[in-house]
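Asks: Here you go, sequence then predicted model.
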Number of protein chains: 2
Amino acid sequence: MLDDRKQDVLRAIVQDYVATQEPVGSKALADRHNLGVSPATIRNDMAALEEEGYITQPHTSAGRVPTDKGYRLFVDRLAGVKPLSGAERRAIQTFLAGAVDLDDVVGRTVRLLAQLTHQVAVVQYPSLTRSTIRHVELLTLAPTRVMLVLITSTGRVEQRVMDTPGPVGENLLADVRARLNSRITGKRFADVPLLVQDLAEPFTAEERPIVAGILATLLDTLVEHKEEKVVLAGTANLTRFGMDFPNTIRPVLEALEEHVVLLRLLGEATDPGMVVRIGHENMHEGLAATSVVAVGYGSGQETLAKLGVLGPTRMDYPGTMGAVRAVARYVGQILAES
Amino acid sequence: MLDDRKQDVLRAIVQDYVATQEPVGSKALADRHNLGVSPATIRNDMAALEEEGYITQPHTSAGRVPTDKGYRLFVDRLAGVKPLSGAERRAIQTFLAGAVDLDDVVGRTVRLLAQLTHQVAVVQYPSLTRSTIRHVELLTLAPTRVMLVLITSTGRVEQRVMDTPGPVGENLLADVRARLNSRITGKRFADVPLLVQDLAEPFTAEERPIVAGILATLLDTLVEHKEEKVVLAGTANLTRFGMDFPNTIRPVLEALEEHVVLLRLLGEATDPGMVVRIGHENMHEGLAATSVVAVGYGSGQETLAKLGVLGPTRMDYPGTMGAVRAVARYVGQILAES
DNA sequence: ACTGGCACTCGGCGGGACGGAGTGCCAACC
DNA sequence: GGTTGGCACTCCGTCCCGCCGAGTGCCAGT
C-alpha cells in the first residue's frame, strides 16, 4: 500500500511539523532530509499520502499537516520510543527517592513528568481494586462516635467517622477490631463483603446494631474508594501552543477538571503496553486536537495504577513515550521498595 | 480629597468596566447612571480622578479604566458585600451536606466556589498548627516495620511508615501506644515535643532505640505536615477573559502550580476579616492583573484554614466577596458538626 | 460651578495591492 | 514507468491607507 519512500516522507513530515509547528512543503522536506529525490517526486508522494488520508493541507497552496491517521501510522510503525539519557534517568531516580510517603511519591511523580515532557501530566493513585487489606483500626472519638481507619497493601489509608446507635465500650470495640482483622487482613477488597457477612451474629442484641453499623461503614468505604483519585500538573504548558486559545485550551482545561474524563483517558493503559490515543481517538469533543500517552505502573508484577501525559496531537511522540515509560518504571520500583 | 460625586463617578466606572470589560467614557456613564450632571462635568471629575491615580486611560482618547488604587478604594469604601440569594444559600448547604469525609468536604467546597464565582477557587486544608491530637495508633506491618497513624482534632489523618532497628513485639507496641496516647491525646501540636521527651526512659536498653525511632517519626510527621495542602478548581474560568492570553494566563497558571505561592496568597486571611488583595498587592509579577479574595474558616471560634478565589482585577468584588464569605461560613458549620 | 460646543487625537476596521510559499500538471528525460 | 524541471495558478498573510467613531480637553457662556 505504502512503499518505503512514502513512509519515509510521512515520517519526515511528522518530524518537521512537530519541530516547526508549521505546515511543511515539498521543498523544505527535500532540503532538510536527504531523501535522494527531488521536490517534484515528493510532491507526487504527498498527493498519494493525502489521497490515503495520512496528511492534509489546511488550505490550498499551503504545506501539509499530518492527520490523526498519519500520527497513528507514525507511532505504530515509523518511530520507536526514544530512551532517556543517563543523566535524566539518574535525575528521576534521585528525585523520586526523596519522597516520604505515598502522597509525596505521587506528587513528585506528576511534577516530574510534567517537567520532563513539557506537557500536562496525570497520575492516578494506586487503585484499590486489586489491592488487599492490611489492617483495620477502630477508635472511639466520643461515646457514640467511632472512627474507622483502613490501611491497604498499597500503603493507602482511608478513614471514616460514623455515629453509633448507642454508646460503644472499649471492650466491644477491641473485640470487633480483633474479629475483623483476623477475618479480612490480607484479603482482597472484593472478597470482604462475604467474609464479614455473619460477623455480627455472636454479639448481644444491644451490641448487634452497633456492629452492623460498623460493618456497613466498612463496606461503604470500600465501594466509595473505587472512585480513583488523580492528580495533575503542568497545565501551564498548555499555553505553549499556538494562539488559537479560546477554542483550543478551554475545552481541555474543562476536561481536565472532570476526574471522570481523566480516568477514562488513562483507562485502558496496562503495564506492559503503553497506550497512545490520538486526537479523535479520545472520543471527546474537546480533546480532538489532544493526544494522550499513558501506561500502567506498579510494584512487582501487577499494575496498580496508571500515569500519563496529555498534549497536542503535534507532540514529540518518541520522546514523550520514553519519558512516560521511564517514569512509570522508576515509580514502580520505588513503590515496590516501600 | 474626593468629594461625594467623584466617589460616585469612580463607583460607576468600576461597575461599568466590570460589566462590559471595556474602557468607559463620560457619555456612557451619564447615560447608564443618573448622576444628575452632564458628560462634561463628569469629564472634569474623571480628569481629577486620573490625576489622583484612581483611573487611567489605555491610550489617548479612549475611555477610562480603574487602576489598582481605584479598585482598592472601591472595595474599601464604595461597595459592600453582596449577600447571596436564599436559593443559592440553600444550594450550598445541601451540596456540602452530602460530603462523606474531610477530603470530600474540601473537594466539594472548591468546586462549589469555582462554580459560584466563575473564577479559580482555592481551598486550604484545615491547618494542623492550632489543632490538637486526638489519637495515635501504631501498627506492625512486618517484624521490623511499623506504621504510625496520627488523627487530629480536625479529622485529618496522617500516616507514616518506618523501619525499626530491631524486631518489635506487639506487647512493646501496645505499651508505647498506651503511654503515648495518655500523654499527648488532646494536646496541642506545639506541646508534643516536650511531652514525649523522656518517654523512652522506662524501657530496656534494647527497646529504647526502637521507641526513640517511633518518637522521632512522630515529631517528624508533626513538622512535615505544617506544609499545608491546597486544592484548586475552576482553572478553565481563566479563559473567560480577553484574548491577551500568552501574557496573561500563563504566569497565572504557573503561579497556581506552586503551592508555596498559593499558600502565601491565602496567607493573611483570618476568620472575621476577609482579605482582598488587588493586582500588584499580591507582590507577584505574574499576578499583577489578578486579585485574590480570601477568608479564614473554621468550626466554632478558631480559624482552621483558609479559602478564596482568584480572578482578574476587573472582577465583581461585591458578588465574589459575598460568595466567598457564605461558603466559608457553611464549611465551618459542616466541620463543626462532624 | 456646571454646561454645550468644538477641534483634535487615536485605535479599530475594511479594502486593495503585493509577495511568497506551495501546489498540480505536463512534457521531457533516463 | 518512475523521476525530474518548468510553469501557471491559488491562496494566505501582511502591509498600507483612509475612514469612522468614540472620547477627550478646553473654552466660552450661563
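Replies: Arrived safely, thanks for sending. Residues are numbered from 1 along each chain as shown, chains lettered A, B, ... in the order given.
Asks: Against A:Ala79, how distant is A:Gly25?
Replies: Between A:Gly25 and A:Ala79 the distance is 22 Å, computed by Cβ to Cβ, to the nearest Å. For glycine as for every other residue, the C-beta is placed from the backbone atoms N, C-alpha and C.
Asks: May I see the buried residues of the strand or helix carrying A:Thr94?
Replies: For A:Thr94, the host element (DSSP states H and E) is helix A:86-97. Neighbour counts using 16 or more other Cβ atoms under 10 Å in any protein chain shown place A:Ile92, A:Phe95, A:Leu96 of helix A:86-97 among the buried residues.
Asks: and whichever residue of chain A sits closest to DNA strand C, how many neighbours does it have?
Replies: Nearest residue of chain A to DNA strand C, counting by Cβ to the nearest atom of the strand: A:Gly25, 2.7 Å away. Number of residues near A:Gly25 (other Cβ atoms under 10 Å in any protein chain shown) recorded here: 20.
Asks: wait, it sits on A:Val65?
Replies: No: A:Gly25 is beyond contact range of A:Val65, at 11.0 Å (criterion: Cβ atoms under 8 Å).
Asks: hmm, who's touching stretch A:22-33?
Replies: Where contact means Cβ atoms under 8 Å, 6 or more residues apart in numbering or on different chains, the residues beyond stretch A:22-33 that reach it are A:8-9, A:12-13, A:16-17, A:35, A:37-40, A:42-43, A:46, A:57-58, A:62-65.
Asks: three-state assignment of A:Val146?
Replies: Here A:Val146 is recorded as strand under DSSP: H, G, I helix; E, B strand; the rest coil.
Asks: go on, the one 4 residues further on?
Replies: With three-state DSSP as the basis, A:Leu150 sits in strand.
Asks: Just list whatever residues bridge to it.
Replies: A:Val136, A:Glu158 (DSSP bridges).
Asks: wait, what's in contact with it?
Replies: Contact analysis of A:Leu150 by Cβ under 8 Å, 6+ apart lists A:Ile133, A:His135, A:Val136, A:Glu137, A:Val157, A:Glu158, A:Gln159, A:Arg160, A:Leu218, A:Thr221, A:Leu222.
Asks: A:Arg177 is in contact with the third one, correct?
Replies: To tie it back to what came earlier, the one meant is A:Val136. Yes: applying Cβ under 8 Å, one finds A:Val136 in contact with A:Arg177, separated by 6.8 Å.
Asks: of those two, who's got more company?
Replies: A:Val136 (21 against 17).
Asks: returning to what we had before: which ChimeraX command selects the buried ones in the contacts of stretch A:22-33?
Replies: Per 16+ other Cβ under 10 Å, the buried members of the contacts of stretch A:22-33 correspond to this ChimeraX selection:
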select /A:8,9,12,13,16,17,35,42,43,46,63,64,65
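Asks: Among the contacts of stretch A:22-33, which lie within helices?
Replies: A:Asp8, A:Val9, A:Ala12, A:Ile13, A:Asp16, A:Tyr17, A:Pro39, A:Ala40, A:Ile42, A:Arg43, A:Met46 (DSSP state H).
Asks: Can I get the residues you listed in CSV including pLDDT and distance to chain B?
Replies: Below are these laid out as CSV (pLDDT from 0 to 100; distance: Cβ to the nearest Cβ, whole Å):
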residue, pLDDT, distance to chain B
A:Asp8, 95, 35
A:Val9, 95, 33
A:Ala12, 96, 30
A:Ile13, 96, 27
A:Asp16, 95, 24
A:Tyr17, 95, 21
A:Pro39, 92, 35
A:Ala40, 94, 39
A:Ile42, 95, 34
A:Arg43, 95, 35
A:Met46, 95, 32
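Asks: Tell me which two in those are the farthest apart.
Replies: A:Tyr17 and A:Ala40 (20.8 Å; Cβ to Cβ).
Asks: tally of neighbours for A:Leu138?
Replies: The tally of other residues near A:Leu138 (other Cβ under 10 Å) stands at 22.
Asks: quick one: contacts for it?
Replies: Taking Cβ under 8 Å, 6+ apart, we find A:Leu138 in contact with A:Val146, A:Met147, A:Leu148, A:Val149, A:Leu173, A:Val176, A:Arg177, A:Leu180, A:Ile214.
Asks: Dump those into CSV; add distance to A:Ala328 as well.
Replies: Shown next, in CSV, are the contacts of A:Leu138 (distance: Cβ to Cβ, whole Å):
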residue, distance to A:Ala328
A:Val146, 39
A:Met147, 35
A:Leu148, 33
A:Val149, 30
A:Leu173, 41
A:Val176, 40
A:Arg177, 37
A:Leu180, 35
A:Ile214, 38
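Asks: Please list which of the residues you listed also come close to chain B.
Replies: A:Met147, A:Val149 (Cβ under 8 Å from any Cβ of the partner chain).
Asks: Could you list the low-pLDDT ranges of chain A?
Replies: With pLDDT under 70 as the threshold, chain A has low-confidence stretches at A:127-130, A:224-227, A:242-246, A:268-272, A:300-302, A:338.
Asks: Name the SS class of the nearest residue to A:His118 once chain neighbours are set aside, please.
Replies: Among residues not flanking A:His118 along the chain, A:Asn237 sits closest, at 5.4 Å (Cβ to Cβ, 6 or more residues apart in numbering or on different chains). Of the three states, A:Asn237 takes helix under three-state DSSP.
Asks: just checking, A:Asn237 touches A:Gln115?
Replies: No: using Cβ under 8 Å, A:Asn237 makes no contact with A:Gln115, being 9.1 Å away.
Asks: The two: which has the busier surroundings?
Replies: A:Asn237 (23 against 16).
Asks: quick one, strands of the stretch 51-200 of chain A?
Replies: Assigned by DSSP state E, counting those that start in this stretch, the stretch 51-200 of chain A shows strands spanning A:55-56, A:65-66, A:120-124, A:133-142, A:145-152, A:157-163.
Asks: Which residues does A:Arg64 form beta bridges with?
Replies: A:Val24.
Asks: Could you measure from it over to A:Asp31?
Replies: In terms of Cβ to Cβ, A:Arg64 sits 15 Å off from A:Asp31.
Asks: Show me which residues of chain A are close to DNA strand C?
Replies: Chain A comes close to DNA strand C at residues A:23-28, A:39-40, A:43, A:46-47, A:50, A:57, A:61-64, as judged by Cβ under 7 Å from any atom of the strand.
Asks: just those residues that are near DNA strand D?
Replies: A:Ala40, A:Ser61, A:Ala62.
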